[in-house]
Every structure is written in C-alpha cells, then in structure tokens.
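*Asks:* pasting a predicted model and its sequence here:
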Amino acid sequence: MVVEDEDQAKAHGGGATAVQRRPWRFNSPLAQVSLMGLVCFCCPGMFNALSGMGGGGQVDPTAANNANTAVYAAFSIAGILGGGIYNVLGPRLTLAAGCSTYVLYAGSFLYYNHHHHQAFAIVAGALLGCGAGLLWAGEGAVMTSYPPPRRKGTYISLFWSIFNLGGVIGGLIPFVLNYHRSSAASVNDGTYVAFMCFMSAGVLLSLGILPPNRVVREDGSRCSAVTYSKPSTEAAAVLRLFLDRKMLLIVPAAWASNFFYSYQFNNVNGLLFNLRTRGFNNVFYWGAQMVGSVFIGYVMDFSFKSRRMRGFVGIAIVAVLGTAIWAGGLANQRTYSSEDPPKEKLDFKDSGSEFVGPFMLYVSYGLLDAMFQSMVYWVIGALADDSEILSRYSGFYKGVQSAGAAVAWQVDTHKVPLMSQLVVNWSLTTLSYPLLALLVFLSVKDEDDDDEKQDKSSSIDPSNAAAAIA
C-alpha cells in the first residue's frame, strides 16, 4: 500500500515502511521536483529569457540594467531571509507569493515599451527581488532535501533541465514574434504579454508543491518531519550562517554564479547580434544548460562509489571546462570593445561564417552556467538532508549570488571596460573551485555504508517494527 498522507503513515508504522513502486505518485520526490521545475520554467525561466535578450528587449539597456540592479539588491536580502520565511510559512504560500512578482516585472516592460519611464520597471524589479528570494529559497529546499540522498545530482539535473526549458521556449517567443523585425529597436508588445501568461501559470502551479512531511520516498521514508518554525528562531539561525565555515567557503562561488550574466547578455548577445538573432541564440543558450545539467548530474551521482570523489571529479571537470570557455571569451573580446563596437550586428541567416564563432561561445557560456550552478547545488545538498537546514543554506547562497548580480548590473551601467568585466568574471569562477574542493574535503562525508544501513532500516516490514524497536 502506498503511504499517501500522515495518517496513513502512522497507521503503517510511522512512515518508515516501503511503498509500492508506481510510475507516478503526486507525493513522490520525482513528481514534486518535476513540478518545482515547471514552476521555475514559467517564472525564472521566462525571466531569464527576457534578460537574455540584452536590455530586456530594448535597444538601450539602461532601464533593464537599473531594474536588474533593483531586482538583485532586494534579492540579496530576501534570499538570505527566504529560508527562514519558508520555514515559517511553508512551501505553498512562500512560492505563490514569490511567483506573483514575476508577472508584475514583465508587465513593467510592456509599460516601458509605450511610455519609456524607468520608475515602474525599477519598483517592479525591487518587488521581484523580494519575491525571487522567497521562490528560490523554497526551490532550494525542495530540490536538495526531497530527493533520495544518493540521487541528488540526478534530481538536480532533472530540475535544471525542466527549468531551463523555460529559457528555450522563452527564447523562441521573441524569435518568432520578431522574426521579420530584425532591424527593430525593441521587441513588440506580444512578446511581453506571452511572458506574463507563462508567469501567471507558474503562480497556479506553485500551489501544488507539498510540504516536506507529506512527501514520501519509495522506501516509505519522509523527506523531513518539519514543524514550522518561529520567526525569532529563524532570525537567529540565519545570523549564524554568517559565521558558518561551510557557508563562507561557498561565498566566492555564490558571488560569481550570477555575476557574469550582465556581461554575457548585454555585451555578448546584446552587443554582437541583432534583435531576432538574440532570441535564436537564447534557444541554444538555455538548451545547452539542459545538456550541461544532465551531464554534471550524472558525474556527481554515478561516476565513482565515493561521494567525496564524485565531488572532487565534478569540480575538476567544471574547472577545466570553465577555463577553456573563458579563454575563448578572451579571444573573442579582443575583437571589439564598448568604445569600438562591431560596425554591423550579426544575423543568423545573413552573416555566414562570422556568426559561428560568437554563437558557439555564447552557447558555451550557457553550458558552463548550468554545470557550475548544478555542481554548487550538489555540494550544498551533500552538506545535510534536513529541509529546514537546506532551505537556510539555499537562501544564503541565493542572497550572496544576488548581491553579486546587483553589483554586476551597475558595473555594466557605468560602462566598465568589457575586457575588465571578462577578467573579473573569469577570476571569480577560478577562485571558487579550490574553495569548493576544500568544502567537500572538510564537510562532505562518504556515507555509503551508513546509507545502506538506513535503507535497510527504512524497509523494515511493519509486522516486525515493534521487534526492531525493542
């Protein structure tokens, strides 16, 4: 019999009994992580597609840069607090409140398309930053605590693939709707309306996310016997994160992981390519993210028996690939600058062989982004199994990440030389690799034997439960 809710769990020996395998169960980790992926497909996925067009689809990126600064400045605070808020409110209220702010943000650019007033976009960006902090704290808790301990990399790659499919579809929207407007200054109204429809669907889908104590794994165990916390308890727990050695070692990776977006979106995709080609490029940028997340997820879960060794190998692969891709970026950046931009925008149909090199570089940036962030999430997920702890860790990661992004968008607004931006991005990612390896060495344990014992104990027959306890 499948354990579907708490009362049934108690009736079957406290929820530790094995459940009958089914292809699909709504309260299974697979269903819940997939649903979380669909929520992020509709909201952050579409936001990424909107940002990936360069300047939010506008010819002048100033409004989008300032709006994104507001987004990530608010996100840097809300992200750190988001884990505590999630532990107080639970997943549904936290995620629905967060998702609703994405709709407003896309609507602000529809307004800007007609009136060219930045104020609405900036205010909407600040509200989105608060909402994103809630959404990503909830997402981090679901993605890192719901899966079985030995399959976290697989589930992270599943989530990342569904999430980034939103970027693929979101890239197709401006590409299709603006296909015959290659010389236009900004995308049309229909592009923003389409984004708003997807984001509204994300709000509704978020209501289907179950609390951790209602999610049942195949062995009958529950993800977390969580009792919702008090604000004072969460405030103290969040403050302690700033003194936690594990979190301090993650700071450079967190800061770097969104810092490069402004450079890639505005100064590679936005500066080198015309309007319709930006949408075309984003289809492959986010598609490459799906490939990268699946590959690194396999490495982190299946490459070696030792969990520590899988962590070291995953970090090494991302480090080598990242070095090669940023070196390619350096070669590309030497061909132009903000003072000497390309004389003619590249078009996927008309530019011939000149298009191929920058296009492949941009797609490679997407591949690296997914591998880098999936690898970091795996490390975070390996630090604990409890939903409450991981929601705080994820919130801290997203908060620091967003602080870096807020700085990066203003760096671009103030016209810092493009070569300097590239060197800083490359340096930040390079610094993070040895620190993540040290974190794996100090804090990630090889628990294969312990996991086997836990698997056996969680599969005890109900009829023998009393004897086992005695």
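*Replies:* Sure thing, it's come through.
*Asks:* low-confidence regions, this protein specifically.
*Replies:* For the chain, residues meeting the criterion pLDDT under 70 lie at 1-24, 53-61, 178, 181-187, 224-230, 447-470.
*Asks:* scan this structure for its longest helix.
*Replies:* helix 353-382 (DSSP state H).
*Asks:* and that one, what does it pack against?
*Replies:* With contacts defined as 3 or more CB pairs under 8 Å, 6 or more residues apart in numbering; DSSP states H and E, the packing partners of helix 353-382 are helix 118-145, helix 152-177, helix 245-256, helix 275-302, helix 307-333, helix 387-413, helix 418-443. Bear in mind the C-beta positions are built from the backbone N, C-alpha and C, glycine included.
*Asks:* now those as a markdown table including distance to Asn65 and mean neighbour count?
*Replies:* Output for the helices and strands packed on helix 353-382, formatted as a markdown table (distance: least, CB to CB, whole Å; neighbours: other CB atoms under 10 Å):
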| stretch | distance to Asn65 | mean neighbour count |
| --- | --- | --- |
| helix 118-145 | 10 | 26 |
| helix 152-177 | 19 | 24 |
| helix 245-256 | 19 | 20 |
| helix 275-302 | 16 | 23 |
| helix 307-333 | 19 | 18 |
| helix 387-413 | 4 | 25 |
| helix 418-443 | 13 | 17 |
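*Asks:* list the contacts for the closest residue to Thr101 other than its chain neighbours?
*Replies:* Nearest in space to Thr101, with sequence neighbours left out and distances taken as CB to CB, 6 or more residues apart in numbering, is Gly131 at 3.0 Å. With contact taken as CB atoms under 8 Å, 6 or more residues apart in numbering, Gly131 is in contact with Ala78, Ala97, Gly98, Cys99, Ser100, Thr101, Tyr102.
*Asks:* and if we set it to 10 Å?
*Replies:* Contacts here follow CB atoms under 10 Å, 6 or more residues apart in numbering; on that basis Gly131 touches 43, 71, 74-75, 78, 82, 94-105.
*Asks:* returning to that earlier point: mind putting the helices and strands packed on helix 353-382 in TSV, distance to Phe372 included?
*Replies:* Below are the helices and strands packed on helix 353-382 laid out as TSV (distance: least, CB to CB, whole Å):
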stretch	distance to Phe372
helix 118-145	16
helix 152-177	11
helix 245-256	8
helix 275-302	9
helix 307-333	6
helix 387-413	11
helix 418-443	7
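*Asks:* chain center to the helix or strand hosting Gly79, what's the gap?
*Replies:* If you go by DSSP states H and E, Gly79 is part of helix 62-89. How far helix 62-89 lies from its chain's middle: 14 Å, per CA atoms, centre = their mean, to the nearest Å.
*Asks:* what does stretch 274-287 give?
*Replies:* Offset of stretch 274-287 from its chain centre (CA atoms, centre = their mean): 19 Å.
*Asks:* restricting to C-alpha, output that stretch in PDB.
*Replies:* Taking Å, rounded to 0.1, in the frame of the first residue of the first chain, the C-alpha atoms of stretch 274-287 are listed here in PDB:
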ATOM      1  CA  ASN A 274      20.600  41.800 -34.000                       C
ATOM      2  CA  LEU A 275      17.200  41.600 -32.300                       C
ATOM      3  CA  ARG A 276      15.800  38.400 -33.800                       C
ATOM      4  CA  THR A 277      19.200  36.600 -33.600                       C
ATOM      5  CA  ARG A 278      19.300  37.300 -29.800                       C
ATOM      6  CA  GLY A 279      16.100  35.200 -29.400                       C
ATOM      7  CA  PHE A 280      17.600  32.500 -31.700                       C
ATOM      8  CA  ASN A 281      20.800  32.400 -29.600                       C
ATOM      9  CA  ASN A 282      18.900  32.100 -26.300                       C
ATOM     10  CA  VAL A 283      17.100  29.000 -27.500                       C
ATOM     11  CA  PHE A 284      20.500  27.300 -27.800                       C
ATOM     12  CA  TYR A 285      22.000  29.100 -24.700                       C
ATOM     13  CA  TRP A 286      19.300  27.600 -22.400                       C
ATOM     14  CA  GLY A 287      19.200  24.300 -24.400                       C
END
